[in-house]
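A.B. asks: Here's a sequence, model it:
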Amino acid sequence: MAETKRPQQAADAIEQPTDLLAARAGAYKSTSFFDKPGVRKFIKNRPGVLALAVISVFILTAAAIAIPPHLMSLEQVQGRVGPGALPGLGRVSTPESRIDIAEFFLGAVEKALDASEPEVALAGLAFAERSLAPSSVDETAEALDIAYEAFDMLDEALFEFEDAEIAFEELVDAGASEAELAAAQETLTETRAVFETALAALDAEVAALFPVPEGWHGFVYKVRLLAGTDRQGRSIAFRAIYSIKTATQIGIVTAMFSVVIGAILGGAAGFFGGFVDHAVVWLYSTLSSIPYIIWLVVIAFVFRESTFEVPFTGKPIAQTLFPVYLAFGVTLWVGTCRVVRGEAMKIKSLDYIQSAVSIGCSPVRILMKHVLPNVSYLLFINFSLAFVAAIKGEVILSYLGLGVQGQPSWGIMIRDSKEDVV
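C.D. replies: Got it, this is the predicted structure:
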């Protein structure tokens, strides 16, 4: 009987691993970062991806402002760009606001001409990217006179328009005939057209004195006026963007401080137990018994009137962010301390910790090398929570006048604009 040949297996062409380690290495093939199950699950979570994108934009914006070359400086943000309460994008400029703009720019030119050195004053007359058109003192004075003549014509047209409007309303109230109302309506339309023409002529004269920049400078100027100006004539858009740097800086510094302090105290309390545990529990229980916002207000108020100068800066401590850092750092570590303490109490009973103790490792070494690294995932979670809490708390303190001093903040902007909102 002929011997049947077995078919050659496809596996013969592939060299099989001969040891257990090689077999295990082949069983677990390396995958890219985006192929990992956790990453793929996160990508499918659209709200999470959106939140990550927003946070990334905030951090990148803060870094662009803080790291040279700076995206924008504090002087640019605090500088005046135009008249106060200028309407922003989506809000139509009323005739009253256009007249206020003209008065602002013409008044600035008149003040520069009355200076002791008008040439120097006119050369430095600029509001952000919008500067005075280059010309001699006499030419500028002549252009200013022409602009004021246009202003006088506008006043006359405004008076005629208001008189026509009052006359039309009186006829309506008196029940005049249709012919009289039609004649009054025609007069009102004509005076309105004359007024709008005079207002456009005044705008043209102002634009001739202060031409609107073009190109890149024109784009930056439009971005400045995107949200209008505040009562001091500063750009609301630039102040809001710069406040991202302030909020992010406070959030990162205070979150790092609170996470480090909370991890050390919580890890020590959970691992050592005894007196250390009782002391830490008493400390964070005492702090937790009072609302954290009260602690923030008290600590910030203590440093508000202090004249102590911070080393290497030469500034009083009240004009720095140190009081804000201290206020948040003292209060936000409690949550981290609690969760780390509980996790450390669970970890210290595990076999590898007991093995480290049995071979004579010092308690501090075990805490730093074995306990705290295994609670790092909790630190990342609490860092994000403290980051958000610090930003919200900073807005509250700045709104109350106890937070950031000398630089833009969302809380300061809300406080300054509350009268306009009300």
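A.B. asks: neighbours around Ser306, how many?
C.D. replies: By other C-beta atoms under 10 Å, 12 other residues sit near Ser306. Quick note: C-beta positions are derived from backbone N, CA and C, even for glycine.
A.B. asks: so Ala64 touches Phe58, yeah?
C.D. replies: No - if you go by C-beta atoms under 8 Å, Ala64 and Phe58 don't touch, sitting 10.9 Å apart.
A.B. asks: Domain map for this protein?
C.D. replies: What automatic domain parsing lists as the domains of the chain is 35-71, 88-213, 243-421.
A.B. asks: tell me the mean pLDDT over the last one?
C.D. replies: Across domain 243-421, pLDDT averages out at 85.
A.B. asks: Isn't Val371 up against Leu350?
C.D. replies: No - with contact defined as C-beta under 8 Å, Val371 does not reach Leu350; the gap is 9.8 Å.
A.B. asks: Check which element follows the helix or strand containing Ser97 along the chain.
C.D. replies: Per DSSP states H and E: Ser97 is located in helix 95-113. Scanning the chain past helix 95-113 towards its C-terminal end, the next helix or strand to appear is helix 118-123 (assignment: DSSP H and E).
A.B. asks: got a list of what Lys245 touches?
C.D. replies: 61-62, 65-66 (C-beta atoms under 8 Å, 6 or more residues apart in numbering).
A.B. asks: Could you tell me which of those count as buried?
C.D. replies: In terms of neighbour count (16 or more other C-beta atoms under 10 Å), the buried residues within the contacts of Lys245 are 61-62, 65.
A.B. asks: Pick the one among the residues you listed closest to Leu332.
C.D. replies: Leu332 has its nearest neighbour among the buried ones among the contacts of Lys245 in Ala62, at 19.3 Å by C-beta to C-beta.
A.B. asks: In the stretch 51-200 of the chain, mark out all the strands, start to finish.
C.D. replies: 126-127, 130-131 (DSSP state E, counting those that start in this stretch).
A.B. asks: Mind listing residues that contact the last one?
C.D. replies: Counting contacts by C-beta under 8 Å, 6+ apart, the residues outside strand 130-131 that touch it are 81-82, 125, 210-213, 221.
A.B. asks: Drop anything exposed from these.
C.D. replies: Using 16+ other C-beta under 10 Å, the buried members of these are 81-82, 125, 210, 213, 221.
A.B. asks: of all the residues you listed, which two lie farthest apart?
C.D. replies: Leu125 and Tyr221 (15.5 Å).
A.B. asks: picking up where we left off before, what is the helix holding Ser97 packed up against?
C.D. replies: Counting contacts by 3 or more C-beta pairs under 8 Å, 6 or more residues apart in numbering; DSSP states H and E, helix 95-113 packs against helix 118-123, helix 137-174, helix 178-209.
A.B. asks: export the ones you listed to a markdown table and tack on mean pLDDT, distance to Gln407 and mean neighbour count?
C.D. replies: Putting the helices and strands packed on helix 95-113 into a markdown table (pLDDT from 0 to 100; distance: least, C-beta to C-beta, whole Å; neighbours: other C-beta atoms under 10 Å) gives the following:
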| stretch | mean pLDDT | distance to Gln407 | mean neighbour count |
| --- | --- | --- | --- |
| helix 118-123 | 92 | 29 | 16 |
| helix 137-174 | 92 | 35 | 15 |
| helix 178-209 | 92 | 32 | 15 |
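A.B. asks: In CSV, list the ones you listed along with distance to Pro47.
C.D. replies: What follows is the helices and strands packed on helix 95-113, written out as CSV (distance: least, C-beta to C-beta, whole Å):
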stretch, distance to Pro47
helix 118-123, 54
helix 137-174, 54
helix 178-209, 47
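A.B. asks: out of these, nearest to Gln249?
C.D. replies: It is, among the helices and strands packed on helix 95-113 and with distance given as C-beta to C-beta, helix 118-123, at 36.6 Å.
A.B. asks: end to end, how far does stretch 79-96 reach?
C.D. replies: Stretch 79-96 has an end-to-end distance of 24 Å (C-alpha to C-alpha, to the nearest Å).
A.B. asks: Report the distance from it to the chain centre.
C.D. replies: 22 Å (C-alpha atoms, centre = their mean, to the nearest Å).
A.B. asks: ok, residues contacting that stretch?
C.D. replies: 97, 100-101, 103-104, 127-128, 130, 195, 199, 221, 224-237, 420.
A.B. asks: please redo it, this time with the cut-off set to 7 Å
C.D. replies: 97, 100-101, 104, 127-128, 199, 224-236 (C-beta atoms under 7 Å, 6 or more residues apart in numbering).
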